[in-house]
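Peer 1: just need the structure, nothing else, for what follows:
(2 chains)
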Amino acid sequence: DGGITQSPKYLFRKEGQNVTLSCEQNLNHDAMYWYRQDPGQGLRLIYYSQIVNDFQKGDIAEGYSVSREKKESFPLTVTSAQKNPTAFYLCASRGQGKGTEAFFGQGTRLTVV
Amino acid sequence: AQSVTQLGSHVSVSEGALVLLRCNYSSSVPPYLFWYVQYPNQGLQLLLKYTSAATLVKGINGFEAEFKKSETSFHLTKPSAHMSDAAEYFCAVSIYGGSQGNLIFGKGTKLSVKP
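Peer 2: Residues are numbered from 1 along each chain as shown, chains lettered A, B, ... in the order given. Predicted structure coming up:
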């Protein structure tokens, strides 16, 4: 089945550590996105990529980094510079065309301990 | 600039009652509009989308939405709420370029269904 897979589902991080969240899709989509979700704040865009080896900052990119070395993969690293990383992280992918919908993974809940 | 506003962060209805979740958009060009549903600790799932074909769009789970250009609205409705409809609902609009990565989401409306 085609889809988008995020791992792990739950992740615990100690303060000062970097952690990487995985996102893989087999939908052959060019565009991929990372969102952060906090209660009452909806979805906020961290980074997005519309083509391999290229990505752009979203509204809250500080403290995060990404790479897009393969079309299928768009990992997100939460660095120690992110002061409040505890949140639910969602990855999405989307085909070409403004009328196409985004497909979402099941999310990763990151908790700082 | 394009944007989307969802009126009401929390809506509560009784089981069997009408569900109405409001979404207004701002767009200088014909928009593409989407409604998504999110159950706790899960990703978003597409309910329906408007892509300029029919103004009344039917989606999954008995939901539908009507595109009204004169009111710049795309409200989501369901005639009879079910307990399983309790979730958070997001309206989104597709845009050209911009820092939003081509999709802008509303802040969401949490739907509660009382027995």
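
Peer 1: who does the spatially most central residue of chain A form a beta bridge with?
Peer 2: Note on chain A: the residue nearest the mean C-alpha position is A:Trp34, at 2.9 Å, using Cα atoms, centre = their mean. Taking DSSP bridges as the rule, A:Trp34 bridges to A:Tyr47, A:Cys91.

Peer 1: just checking, it touches A:Leu76?
Peer 2: Yes: the pair A:Trp34 / A:Leu76 is scored as a contact, 4.8 Å apart, by Cβ atoms under 8 Å. (Glycine included, C-beta is placed from N, CA and C.)

Peer 1: any residues in contact with both of the two?
Peer 2: Each of A:Leu21, A:Cys23, A:Ile46, A:Tyr47, A:Tyr64, A:Val66, A:Tyr89, A:Cys91 lies in contact with both A:Trp34 and A:Leu76 under the rule Cβ atoms under 8 Å, 6 or more residues apart in numbering or on different chains.

Peer 1: what parts of chain B come near chain A?
Peer 2: Contact residues (Cβ under 8 Å from any Cβ of the partner chain) of chain B with chain A: B:9, B:32, B:34, B:36, B:41-46, B:49, B:51-52, B:90, B:92, B:94-96, B:99-103, B:105-108.

Peer 1: help me confirm that B:Pro30 is found in a helix?
Peer 2: No: looking at B:Pro30 with DSSP: H, G, I helix; E, B strand; the rest coil, it is coil, so not inside a helix.
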